[in-house]
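Q: one predicted model, sequence on top.
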Amino acid sequence: MDRTQVFIDSNKDRFLNELLELLRIPSISADPAYKDDVNKTAEVLAENLINSGAENVEICPTAGYPIVYGEKIFDDSLPTILVYGHYDVQPADPIELWTDPPFEPVIKKTEIHPEGAIFARGACDDKGQAFMHVKAFEAMVSENELPCNVKFMIEGEEEVGSANLATFVKENKEKLTADVILVSDTGILSNDTPSICTGLRGLSYVEVEVTGPNRDLHSGLYGGCVANPINILSKMIASLHDENNHITVPGFYDKVIELSDEERAEMARAPFSKQDYCEALDMDDVYGEEGYSTMERGSIRPTLDVNGIWGGYTGEGAKTVIASKAYAKISMRLVPDQDSDDITKLFKDHFESIAPQGVRVKVTPHHGGEAAVTPITSDGYKAAAMAMQQTFGKRPIPIRSGGSIPIVAMFEKELGLKTILMGFGLDSDAIHSPNEHYGLFNFYKGIETIPYFYKYYTELVK
């Protein structure tokens, strides 16, 4: 990969300027006012793929925004890597909190990024990270060091739920045939502690409604005589965890896969300071399921949390009322092999069963998604770890994310492929927030590392 690295080093300024041009286009998929800008971004990306050496480049229409596709297939006997990314971005609001206009990228030095960081909406999520793949591909093709076949699939609706991606994938399975999927839409622990995301939690999200009397009642005349829906809902929610913060829904843990001691030990290499964690959140202690570390509670264990609760009078002053109804929104983060539909049903059956007489309970499912995991024994993980070892000089730490990326489970279901989440962003990059940014170190490190993933993956699976 020596010639590839020389090409990268000699073209860094051009790569950066091309990314800045991409960031100047406000490709906000959530706002129809930016429809032309989103479509223009797809066109610019397609042009970049062509200029980088990709073939059969298409701007594929969907019921929403298009998917940009390109490929380089030169030997069917070699493995094929499918690269996924997205070119749409979050709205920039609140605009007044940006120190510079969100679509006029600037480079500034910070304590975390002394070499400079690009401040702009989409810098890290995901234009900057997706663009790394295009430029790494260009470098390998230019120097005739591309060791395998490559396909690109870059969508424009990730920030609004990828509503049309599954349809595209189902209708184009042959076009998307590959051996592994490579995604850079996650991050690393720090610039001197590389890491690879090996798992994502699934989700079951429900809304519950408890109804008592047929109208709000005077709490003096009726208090103590009728079931108070707010009191009842509070008791029901409190009963969902036991004294060890274990979830009490029957069957909830039946399919939970316990991690091996080896993987837990690998994850434990990640630096963690309980004091710093608590200080950052202005808390005096952590809290969670007995028997697991804070990092494990937030990644490899399922959870049940109330996201909102309301009912009765919440305005200024006093109103002595017993509300007719009380509500809560509840999310359950899931781990392999929990099925979101199964968990939703288990929760619904249990919550309805613990309702006392005097109230009626309604559970409304909202949405869900499945957990995904890439074993650290897979060729894809090994190749990513070897690539990061090569460029960072350190063995990366496998980490599980507490969040969810539903498309990863969809890819596995529809294409039968594992996804390697080899991202280069940092938690401090303020994605989805004002002043989003992406370090120049991270941008260039990604471009340098991706070719080694191709090299090592090809060697492992040939």
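A: It's in. Numbers count the residues shown, from 1 in each chain.

Q: list the contacts for Thr177?
A: Listed by CB atoms under 8 Å, 6 or more residues apart in numbering, the contact set of Thr177 reads 80, 415. C-beta: built from backbone N, CA, C; applies to glycine.

Q: how near is it to Ile154?
A: Distance of Thr177 to Ile154, given as CB to CB, to the nearest Å: 18 Å.

Q: same question, Lys413
A: Distance, Lys413 to Ile154, by CB to CB: 21 Å.

Q: who's more crowded, those two?
A: Just comparing Lys413 and Ile154: by other CB atoms under 10 Å the higher neighbour count belongs to Ile154, 27 against 14.

Q: in a helix, the more buried one, correct?
A: No - according to DSSP: H, G, I helix; E, B strand; the rest coil, the state of Ile154 is strand, so it is not within a helix.

Q: that one and Leu45 touch, don't they?
A: Yes - judged on CB atoms under 8 Å, Ile154 makes contact with Leu45 at a distance of 5.9 Å.

Q: grab the nearest non-local neighbour of Pro147.
A: Leaving aside its sequence neighbours, Pro147 sits nearest to Thr458 (CB to CB, 6 or more residues apart in numbering; 4.3 Å).

Q: cool, Asp427 as well?
A: Leaving aside its chain neighbours, Asp427 sits nearest to Gly187 (6.4 Å; criterion: CB to CB, 6+ apart).

Q: which ones are touching that neighbour?
A: By CB under 8 Å, 6+ apart, the neighbours of Gly187 are 124, 195, 197, 423-427, 429.

Q: re the thing from before, tell me the secondary structure for the residue nearest to Pro147?
A: Using three-state DSSP, the secondary structure recorded for Thr458 is helix.

Q: mind listing what it touches?
A: Contacts of Thr458 by CB under 8 Å, 6+ apart are 78-79, 147-148.

Q: next one: His241
A: Contacts for His241 were tallied using CB under 8 Å, 6+ apart; they are 247-248, 304.

Q: tell me which of the residues you listed is nearest to Leu19?
A: When these are ranked by distance to Leu19 (CB to CB), Leu304 comes first, at 41.0 Å.

Q: now do the closest one, the pLDDT please.
A: According to the predicted model, the pLDDT of Leu304 comes to 98.

Q: ok so it is a helix residue?
A: No - residue assignment for Leu304, taken from three-state DSSP, gives strand, which places it outside any helix.

Q: returning to what we had before: from the contacts of Gly187, which ones fall inside strands?
A: 195, 197 (DSSP state E).

Q: neighbours of His437, just the number please.
A: Summarising burial for His437: neighbours were counted as other CB under 10 Å, giving 27.

Q: was I right to think it contacts Ala117?
A: Yes - under the criterion of CB under 8 Å, His437 lies in contact with Ala117, with a separation of 4.3 Å.

Q: which residues do the two both contact?
A: Shared contacts of His437 and Ala117, counting by CB under 8 Å, 6+ apart, come down to 108, 110, 123, 429.

Q: confirm for me that Ile300 is in contact with Ser260.
A: No - between Ile300 and Ser260 no contact is recorded; they are 11.0 Å apart, counting by CB under 8 Å.

Q: of those two, who's got more company?
A: Counted by other CB under 10 Å, Ile300 and Ser260 do not tie: Ile300 has more neighbours, with 26 against 12.

Q: how much space separates that one from Pro336?
A: Relative to Pro336, Ile300 is positioned 9 Å away (criterion: CB to CB).

Q: which neighbours do these two share?
A: Overlap of the contact sets of Ile300 and Pro336 (by CB under 8 Å, 6+ apart) consists of Gly199.

Q: in the chain, which residue is most central in space?
A: In the chain, the C-alpha nearest the mean C-alpha coordinate belongs to Ile405, at 4.4 Å (CA atoms, centre = their mean).

Q: separation between Met386 and Tyr438?
A: When distance is defined by CB to CB, Met386 is 24 Å away from Tyr438.

Q: more neighbours, those two?
A: Set side by side, Met386 and Tyr438 show more neighbours around Tyr438, with 31 against 18, by other CB under 10 Å.

Q: what's in contact with whichever helix or strand that one is part of?
A: Per DSSP states H and E: Tyr438 is located in strand 437-439. With contacts defined as CB under 8 Å, 6+ apart, strand 437-439 is touched by 108, 110, 112-113, 115-120, 123-124, 128-129, 191, 425-426, 429-430.

Q: just the buried ones from these?
A: Buried members of those, scored by 16 or more other CB atoms under 10 Å, are 113, 116-120, 123-124, 128-129, 191, 425-426, 429-430.

Q: show me which pair in those residues is furthest apart.
A: With distance counted by CB to CB, no two of the buried ones among the contacts of strand 437-439 lie farther apart than Ala120 and Asn191, which are 19.6 Å apart.

Q: my read: Glu43 touches Tyr65, true?
A: No - applying CB under 8 Å, one finds Glu43 not in contact with Tyr65, separated by 11.7 Å.

Q: of these two, who's got more company?
A: Tyr65 (25 against 13).

Q: which of the buried ones among the contacts of strand 437-439 sits closest to Leu203?
A: Gly425 (21.6 Å).

Q: let me see the domain layout of this structure.
A: Described in terms of automatic domain parsing, the domain architecture of the chain consists of the residue ranges 2-200+371-461, 202-256+302-369.
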